[in-house]
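Undergrad: Turn this into a model:
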Amino acid sequence: MTTLQQRPVLSAEEGSLKRLRALYTVNEQLRQVVGRGLNIDSALPEVLSSVMEELEAYSGSIIVVDEQLEVQHNWLISEAESEEASSGFLRQVIEEGLFGWSLRNQLPALVQDTREDVRWLPNPGHKTSSEPSSAICVPLIIRSRSIGAITMTRPGKGQFLMEDVDLLVAIASQTAATIESARLYEESQRRTEELDKMREDLTAMLLHDLQSPLSNILSSLELLRLEIPQDENQEVESILEIAIRSSRRLQDLIRSLLDISHLEAGHPITNLNEFALPPVIREAMHLAGPALERRRVRFEKNFSEPLPSAYGDEEMICRVLINLLDNSARHSPDDGIISLYIEDMVTDGALLVSISDQGPGVAPEYREAIFQKYERGEKSDPDSTKGFGLGLAFCRMAIEAHGGRIWIEDAPGGGARFSFTLPTAS
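TA: Below is the predicted model:
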């Protein structure tokens with residue numbers, strides 16, 4: 001049998017200060033819940049313990065239900081132990097108990113002797129007692145809808161006052177608002193995930209459908225160029241070259257988008273092989289050549305052969321190099337120089353590849369954001385507004401999927417230097 005501890009009688013001023021302190025404590029806990037991402041399951045026992053301490057309660061519970069009165073969250077603290085009530089007992093208190101009465105009527109209930117109130121249902125999982133107890137049950141109401149209730153009990157008859165009811169009503173109001181915010185947050189997260197999945201599926205479908213007609217266009221342009229006699233119509237040849245180059249750029253964009261979607265979904269790279277890096281660099285140089293020629297940019301290679309073989313998706317690494325070269329060309333001054341360095345990091349089992357330009361460089365505050373999708377650098381830089389903002393995002397995802405890393409720093413003498421690591425076959 002629990003020994004009854006008589007609560008001290010407080011003056012009006014002391015009672016007001018006690019209620020303000022309790023409200024402040026609970027409000028701080030609920031504010032921290034928002035800061036932690038609205039995790040109600042971890043917050044309920046904390047709030048419940050604080051309320052019990054302020055009301056000097058022997059046991060307490062918080063039960064949250066949905067619109068169909070199905071229990072979403074519940075927590076019970078009794079005799080310094082916390083637990084979840086059984087589903088059968090929860091159903092009974094919702095249908096017949098004090099909780100259900102308070103929930104349906106949206107009114108607080110003050111029971112001075114639980115033995116004399118038919119709405120009070122003892123928990124079958126606890127020891128029954130013939131001693132009197134007092135109880136308060138206050139509904140959690142948000143926008144005129146009951147979403148649950150808080151219940152407090154204390155040994156002895158007439159142990160709770162109307163001031164305790166008022167305090168619990170105020171706490172219930174704060175708690176209900178936080179629970180509803182958590183519900184809305186979870187719902188928005190779920191809908192966002194669904195929309196993202198739909199968008200990814202639609203994007204993948206469109207990109208796959210675009211590949212076939214685009215390949216046909218490229219093949220037709222190549223055949224048409226072969227049919228035109230050389231040196232007879234330079235204007236037509238020039239127009240065809242622009243059409244072929246633009247089609248190839250669109251083809252590369254589609255491949256990058258498909259790879260980004262694939263990598264974002266967490267799918268591993270499957271086409272991993274041992275390959276020599278210098279031939280891949282030469283191929284990337286050839287494909288990025290038009291971008292370099294437009295700015296009359298010179299390309300310098302600064303590495304010694306032979307190099308250890310790299311290990312990865314050769315075609316994907318080639319597109320990484322093309323994107324970095326194209327980016328450097330766009331930000332290089334006319335007649336500038338782009339330098340490529342390769343270092344064998346023997347102890348790390350990786351190759352370090354660096355591409356430097358003589359452009360304006362990248363401010364430190366943009367060096368992370370520039371690798372995000374659709375991010376095109378500083379708005380004040382006219383060259384940064386060109387392109388789709390996908391090239392560098394693809395580079396980061398591709399390199400990280402290979403177990404490497406990519407970053408930006410200042411190039412010696414000015415400009416930007418993009419560096420990335422790539423594992424070697426050894």
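Undergrad: alpha carbons only for contacts and neighbour counts from here, please
TA: Fine.
Undergrad: any idea where the helices of the stretch 251-400 of the chain begin and end?
TA: Counting by DSSP state H, counting those that start in this stretch, residue ranges of the helices within the stretch 251-400 of the chain are 277-294, 314-330, 391-401.
Undergrad: swap in the stretch 101-250 of the chain?
TA: With DSSP H, counting those that start in this stretch, the ranges of helices along the stretch 101-250 of the chain come out as 162-227, 234-264.
Undergrad: looking just at contacts, which helices and strands does the last one meet?
TA: Helix 234-264 sits against helix 162-227, helix 391-401, with contacts defined as 3 or more C-alpha pairs under 8 Å, 6 or more residues apart in numbering; DSSP states H and E.
Undergrad: Show me what counts as buried in that helix.
TA: Of the residues in helix 234-264, those buried under the neighbour-count criterion (16 or more other C-alpha atoms under 10 Å) are 237, 240, 243-244, 247-248, 251-263.
Undergrad: Run the angle between that helix and helix 277-294 for me.
TA: Relative orientation of helix 234-264 and helix 277-294, computed by axes from the mean of the first three to the mean of the last three C-alpha atoms, to 10 degrees: 130 degrees.
Undergrad: next one: the longest one
TA: Here helix 162-227 points in a direction 80 degrees away from that of helix 277-294 (the same axes, to 10 degrees).
Undergrad: Report all helices and strands that helix 162-227 contacts.
TA: In terms of contact count using 3+ C-alpha pairs under 8 Å, 6+ apart, helix 162-227 is assigned the packing partners helix 12-35, helix 40-55, strand 133-142, strand 145-155, helix 234-264.
Undergrad: mind checking which helix or strand of this protein has the lowest mean pLDDT?
TA: strand 81-83 (a mean of 52; mean pLDDT, DSSP states H and E).
Undergrad: a markdown table for the helices and strands packed on helix 234-264, including distance to Met345, mean pLDDT and mean neighbour count?
TA: Shown next, in a markdown table, are these (distance: least, C-alpha to C-alpha, whole Å; pLDDT from 0 to 100; neighbours: other C-alpha atoms under 10 Å):
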| stretch | distance to Met345 | mean pLDDT | mean neighbour count |
| --- | --- | --- | --- |
| helix 162-227 | 37 | 81 | 15 |
| helix 391-401 | 16 | 90 | 22 |
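Undergrad: Would you mind saying which of those helices lies nearest Ala284?
TA: Set against Ala284 and scored by C-alpha to C-alpha, those come closest in helix 391-401, at 13.8 Å.
Undergrad: Touching the next helix or strand after that closest one from outside, list them.
TA: Counting by DSSP states H and E, the next helix or strand C-terminal to helix 391-401 is strand 406-410. Contacts of strand 406-410 with the rest of the structure, by C-alpha atoms under 8 Å, 6 or more residues apart in numbering, involve 361-362, 367, 395-396, 399-400, 416-421.
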